[in-house]
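Chemist: turn this into a model:
(one chain, ligands or ions: 1)
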Amino acid sequence: MTQVAVVMGSTSDWPAMQQTTLLLEKLGITYEKHVISAHRMPEQLQTFGQAAQKNGLQVIIAGAGGAAHLPGMIAANTLVPVIGVPMQSHALNGMDSLLSIVQMPAGIPVATVAIGDAGAKNAGILAAQIIALHHEEVREKLVVFRKEQTQKSIVSEAELI
Ligand code: RP5
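Modeler: Coordinates of the predicted model:
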């Protein structure tokens, strides 16, 4: 059983959402990836959401742009925690995606991260942190990841010439 599902509304979201899958791989998380458009594939969306828990998923990461109802609609169909990633849309630079995802009415939460690549990366890390609560190996990988990140920042000071 895979631990995380990475879902996106369109293949056009893949360049950003690939940042999520790269992080998941680095942190030793198993994942599956799907294109499920909330408005073009409503039946598939419902089927996916309703089967998520039974399929053993622990976290769902959903990236979408524009009127980005995908994360909220998945969340409405499952109790598996959903992290929403707002895509950097062309028309409104991602503000549309951000507000669509973050402004969930009370009752159906979606944990929303930053617009675009930063959010996509953080979604992968956050999913790993959730899984690490009950998974020592993942926790250890996160500790190493943090240490490496700190070290890179320290070393980067030398670039100030
Ligand atoms: C959303 O519409 C997708 O998540 C994507 O960000 C956006 C544009 O989709 P395409 O028209 O590129 O397929 O559903």
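
Chemist: quick one, grab the pLDDT at Leu160.
Modeler: Leu160 is assigned 88 on the pLDDT scale.

Chemist: tell me, how many neighbours does it end up with?
Modeler: Residues within reach of Leu160, counting by other CB atoms under 10 Å, total 5. Quick note: C-beta positions are derived from backbone N, CA and C, even for glycine.

Chemist: shift numbering so it begins at 3
Modeler: From this message on, residue numbering opens at 3, which makes the last subject Leu162.

Chemist: any chance of the backbone angles for it?
Modeler: Backbone geometry at Leu162, expressed as degrees, to the nearest 10, gives phi -80, psi 90.

Chemist: and it, how far from the ligand?
Modeler: 37 Å (CB to the nearest ligand atom, to the nearest Å).

Chemist: which residues touch that residue?
Modeler: Under the criterion of CB atoms under 8 Å, 6 or more residues apart in numbering, Leu162 has no contact partners.

Chemist: does the residue nearest the centre of the chain belong to a helix, a strand or coil?
Modeler: Geometric centre of the chain, nearest residue: Ile63, 3.3 Å, by CA atoms, centre = their mean. Put simply, Ile63 is strand when judged by DSSP: H, G, I helix; E, B strand; the rest coil.

Chemist: that one is in contact with Val6, isn't it?
Modeler: Yes: the criterion here is CB atoms under 8 Å, and Ile63 meets it with Val6 at 6.4 Å.

Chemist: mind listing the shared neighbours of those two?
Modeler: Contact criterion CB under 8 Å, 6+ apart; residues shared by Ile63 and Val6: Ala129.

Chemist: for Pro73, which non-adjacent residue is closest in space?
Modeler: Once flanking residues are discounted, Pro73 sits nearest to Gly86: 3.3 Å by CB to CB, 6 or more residues apart in numbering.

Chemist: does that neighbour really touch Ala64, like I thought?
Modeler: Yes: with contact defined as CB under 8 Å, Gly86 reaches Ala64; the gap is 5.6 Å.

Chemist: ok so, going back, for the residue nearest to Pro73, list each beta-bridge partner.
Modeler: Under DSSP bridges, the beta-bridge partners of Gly86 are Ala64, Thr114.

Chemist: how close does it get to Leu162?
Modeler: Using CB to CB, to the nearest Å, Gly86 is found at 36 Å from Leu162.
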